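Colleague: Mind looking at a prediction? Sequence and model below.
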Number of protein chains: 2
Amino acid sequence: MTKVIEPRTLAGFRDFLPEQMAIRKKVLEILTAVFEKYGFSPMENPTLEYQDILLGKSGTEAEKLMYLFKDPGGRDVGMRYELTISTARVLAQYPALPKPFKRYQIQPVWRADKPQKGRYREITQCDIDTFGSESPLADAEIIAIIYEGLKALGFKKFVIDINSRRVLLRLMTTANIPEDKQVSVLQSIDKLDKKSEAEVQAELNSRGITDTQIEKLFNLVKTAKPDDYLQKVLDTLPKLGIPDEFYKFNGYIVRGLTYYTGPIFETKVEEPKIGSVTGGGRYDRLIGKFIGQDIAATGTSFGIDRICDVITELNLWPDVPKTPTKVLVTVFSPELLKKSLDITTKIREGNTNTEIYLDPEARLDKQLKYADAKGIPYAVIIGPDEAEKNLVTLKDLRNKTQTTITPEEAVRKIREED
Amino acid sequence: MTKVIEPRTLAGFRDFLPEQMAIRKKVLEILTAVFEKYGFSPMENPTLEYQDILLGKSGTEAEKLMYLFKDPGGRDVGMRYELTISTARVLAQYPALPKPFKRYQIQPVWRADKPQKGRYREITQCDIDTFGSESPLADAEIIAIIYEGLKALGFKKFVIDINSRRVLLRLMTTANIPEDKQVSVLQSIDKLDKKSEAEVQAELNSRGITDTQIEKLFNLVKTAKPDDYLQKVLDTLPKLGIPDEFYKFNGYIVRGLTYYTGPIFETKVEEPKIGSVTGGGRYDRLIGKFIGQDIAATGTSFGIDRICDVITELNLWPDVPKTPTKVLVTVFSPELLKKSLDITTKIREGNTNTEIYLDPEARLDKQLKYADAKGIPYAVIIGPDEAEKNLVTLKDLRNKTQTTITPEEAVRKIREED
């Protein structure tokens, strides 16, 4: 043995062991099925991009959080910080892509943020976006996918809060907020949902906004109404089959990012208590910053990491098996290995996921403990008694029952449960 | 518009656009189903690891190809170069993982190799390995998965070449090849499959191996036979249902990597002409180098990138749709949008992937061109005539036929084809 290296992962980075993968795979299967049902296609982009592309749109704040470095060839490169930027590059690089371009993309992104519970440096980003459509139908469709996706994940109670960045900016102008302060004022307004008016007022005062302006602004926000465009979006939602109680116009929703130009939407899941799981909106002038020509865009992110974490922590999906394996075929002794191999192959013929215990010398109780530890629901045993009568014992490891039957019956029984 | 950035990808890095994703997704779906059928579970590890972990096992040759850098916190980190090393870390870090630990892992790795046709810097690595079993059954199972995986991909003719590193090393000792030259001699032997004996002889001479040694070695290789362990592996293959013609003992197979300790196997696909697509073997002393305690291991890699490239280039899967979307519901006019939305929702209720054209002002021929460009097989049209009679026109865009029927009939017809 040479020197031993301390086994450890970088802070903010995680291993997904088989048990965790089971939940993740299921979450992604459910969501991608919904995305494809609405005509969105998968796309993937490289992990590394040239730095000028990565830095094109983000401010210096984002730059501090990026993994930027020189590659072995001396090029200035960086790891994907978010997905939209690569998609903007794709739209410029492959102009023949049919528009509207509706893509979903599920890939990690990297942000050297302070790691804390639920906040990682390697983040699974899951985005759906429609590029090249200015139609309110495109926004409504994104909202419909949020509704149907969260429903399909089994969430009972949630609300998609909908507002319009355009409406907000108009209010600001009406309240005489100078243009250079509009973004920071918006960020304070965003807190009206959680903080008292007095607290937000103090914050705004400290930014040089007068009490008169603030009073006007609060009244405007309170009585805000959707504009024509947003009204069209809202009117489409029932036609797409979304029940009333799952969405509402909410004048207080702002969203942090500066680039939104129209409807914005975010979702809080209340049952189970997951909190904020989606955020998005329309951003018609972002792509143009990269490619020199505006392409209308609307979309949303799903907070996959948060969804998976909460499902795991609250054990919301107790029925998702910890392992894909359905049956462990034990091996009683080296002499009886052939019998065990035969039934293994037979069970697999029905496409049932089947393991055979690999060490024919191992004691039976060790083999059954292995099945238990992995969470395999069934075990097949062929001892000398069973072999003589050409039977097998089928054990259900969950309820500790067992039955001795013909191999054909065992195969049928396992398949029926599959 | 601010400055425009030239849209480009780094050499050796690729975008997977929706059309390419369709093939990739199908290849991975097919293979993972086979892996799970044999009781392998998915695992994923972080993209970045501490450098001491990455460099633990690889020589300086590999180091030159690694993406190593300082992260924003000043840590020495690097991008995953291969998958085994992270798995070794996992085995050390989570000792409670049930053994044998059978995992499959499909993630990108990064190697700053000279890019050329079919060789990338971002490579999809697809590994299956069994850790913690010294049983020949474990090796046989890996070979069975290669057979069944390639069959499931629809490949007609291929041979899994099987040899044993232990047999090869014993031959070398018998031929009096000094231990420090055994690896380089093995690498020359590997070429006997492609080069003449004379050429390989010249190469060996240049390494200081005498003609007497070489003659002895060639004779030994020619008449090499499996050892007891490998014979057990070979005897198990028919019991796992692998027909004779798909594997053979081949004394010339060496495999490049130094760390193999037992059976080695690689596969060439001859029909279709894909060439080498898998490589692997037993490596019982690699994990110990990381974790201070040997864990037996055997496994194989699948060359996913090559498989996908060839399927795409030779158009081997013409029936894989370019898009997940099955139907485009066109919108004849803003007034008829509601009708189109209704049938869209109805078709989606059967989980058929359905797009509605997002711009109700667009001309019908533009909408149908969009469907054609994306490769959507069906279009639904509701013009004023259809609307009045409560009918829809269903167009099959592949064979340019169409029929005007009730919405219910259209929904049924589309679902039947699904």
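Modeller: Sure, I can see it.
Colleague: State the distance from residue A:382 to residue A:371.
Modeller: 15 Å (Cβ to Cβ, to the nearest Å). Where C-beta positions appear, they are placed from N, C-alpha and C, glycine not excepted.
Colleague: I misspoke; the intended subject was residue A:344.
Modeller: Look at residue A:344 and residue A:371: by Cβ to Cβ, they are 14 Å apart.
Colleague: again, but for residue A:225
Modeller: On the measure of Cβ to Cβ, residue A:225 and residue A:371 end up 61 Å apart.
Colleague: more crowded one of the two?
Modeller: Using other Cβ atoms under 10 Å in any protein chain shown, the more surrounded residue of residue A:225 and residue A:371 is residue A:371, with 23 against 10.
Colleague: Report the contact partners of that one.
Modeller: By Cβ atoms under 8 Å, 6 or more residues apart in numbering or on different chains, the contact set of residue A:371 is A:328, A:379, A:397.
Colleague: burial of the residue of the stretch 151-300 of chain A found nearest chain B, as a residue count?
Modeller: Residue of the stretch 151-300 of chain A nearest chain B, by Cβ to the nearest Cβ: residue A:292 (4.0 Å). Residue A:292 has 14 neighbours, counted by other Cβ under 10 Å.
Colleague: now the one 3 residues further on
Modeller: Using other Cβ under 10 Å, residue A:295 has 22 other residues around it.
Colleague: top of the contacts of residue A:371 by neighbour count?
Modeller: Neighbour max across those (other Cβ under 10 Å) = residue A:328, 27 neighbours.
Colleague: what helix or strand does it sit in?
Modeller: strand A:327-329 (DSSP states H and E).
Colleague: contact partners of that strand?
Modeller: So strand A:327-329 is contacted by A:340, A:343-344, A:347, A:352-357, A:367-368, A:370-371, A:374, A:376-380, A:414, B:39 (Cβ under 8 Å, 6+ apart).
Colleague: quick one: which of the residues you listed sit in strands?
Modeller: Of these, the ones assigned to strands by DSSP state E are A:354, A:355, A:356, A:378, A:379, A:380.
Colleague: of all these, which comes closest to chain B?
Modeller: residue A:355 (3.0 Å).
Colleague: what about the residue lying closest to that closest one once chain neighbours are set aside, distance to residue B:284?
Modeller: Among residues not flanking residue A:355 along the chain, residue B:39 sits closest, at 3.0 Å (Cβ to Cβ, 6 or more residues apart in numbering or on different chains). To residue B:284, residue B:39 is 21 Å away according to Cβ to Cβ.
Colleague: Look at the two and report which has more neighbours.
Modeller: residue B:39 (27 against 16).
Colleague: returning to what we had before: what pairs with the strand holding residue A:328, and is each one parallel or antiparallel?
Modeller: Strand pairing for strand A:327-329, using DSSP bridges, gives strand A:354-356 (parallel), strand A:378-381 (parallel).
Colleague: Need these in a markdown table (columns: mean pLDDT).
Modeller: Formatted as a markdown table, those follow (pLDDT from 0 to 100):
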| stretch | mean pLDDT |
| --- | --- |
| strand A:354-356 | 97 |
| strand A:378-381 | 97 |
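Colleague: most centrally placed residue in chain A?
Modeller: Nearest residue to the geometric centre of chain A (Cα atoms, centre = their mean): residue A:304, 2.3 Å.
Colleague: Quick check: that residue touching residue A:120?
Modeller: No - using Cβ atoms under 8 Å, residue A:304 is not in contact with residue A:120; the gap is 11.0 Å.
Colleague: Within its local environment, how many residues does residue A:392 see?
Modeller: 24.
Colleague: Okay, buried residues for stretch A:393-408 please.
Modeller: By neighbour count on 16 or more other Cβ atoms under 10 Å in any protein chain shown, the buried set for stretch A:393-408 is A:393, A:394, A:395, A:397, A:405, A:407.
Colleague: and the two most separated of the residues you listed?
Modeller: The largest separation in the buried residues of stretch A:393-408, counting by Cβ to Cβ, is between A:397 and A:407 at 19.0 Å.
Colleague: State the pLDDT value of the residue nearest to residue A:169 when sequence neighbours are not counted.
Modeller: Excluding the flanking residues, the one nearest residue A:169 by Cβ to Cβ, 6+ apart is residue A:182, at 6.3 Å. On pLDDT, residue A:182 comes in at 87.
Colleague: roughly how far apart are residue A:182 and residue A:174?
Modeller: Per Cβ to Cβ, residue A:182 is found 12 Å from residue A:174.
Colleague: got a list of what residue A:17 touches?
Modeller: B:43, B:90, B:94, B:97.
Colleague: How many residues are close by the first one?
Modeller: The reference is to residue B:43. Using other Cβ under 10 Å, residue B:43 is surrounded by 26 other residues.
Colleague: Verify the stated contact: it with residue B:87.
Modeller: Yes - between residue B:43 and residue B:87 there is a contact at 7.3 Å, judged by Cβ under 8 Å.
Colleague: The lengthiest helix in chain A near chain B at all?
Modeller: Secondary structure assigned by DSSP state H gives helix A:18-37 as the longest helix of chain A. Yes - counting by Cβ under 8 Å from any Cβ of the partner chain, contacts between helix A:18-37 and chain B involve A:18, A:21, A:22, A:25, A:33, A:36, A:37.
Colleague: Give me the buried entries from these.
Modeller: Counted by 16+ other Cβ under 10 Å, these give A:18, A:21, A:22, A:25, A:36, A:37 as buried.
Colleague: residues near the nearest residue to the last one once chain neighbours are set aside, how many?
Modeller: The shortest distance from residue A:37 to any residue that is not its chain neighbour, by Cβ to Cβ, 6+ apart, is 5.2 Å, and that residue is residue B:353. Per other Cβ under 10 Å, the neighbour tally for residue B:353 reads 23.
Colleague: Check the one 3 residues further on too.
Modeller: The burial count assigned to residue B:356 is 25, neighbours taken as other Cβ under 10 Å.
Colleague: Quick one: name the residues of the stretch 201-350 of chain A near chain B.
Modeller: Counting by Cβ under 8 Å from any Cβ, the residues of the stretch 201-350 of chain A near chain B are A:236, A:239-241, A:288-293, A:323-325, A:328, A:337-338, A:341-342, A:345, A:348.
Colleague: Only whichever of these are buried, select them in ChimeraX.
Modeller: Here is the ChimeraX command that selects only those of those that count as buried (16+ other Cβ under 10 Å):
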select /A:236,239,240,241,288,289,290,291,323,324,325,328,337,341,345,348
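Colleague: Thanks a lot, catch you later.
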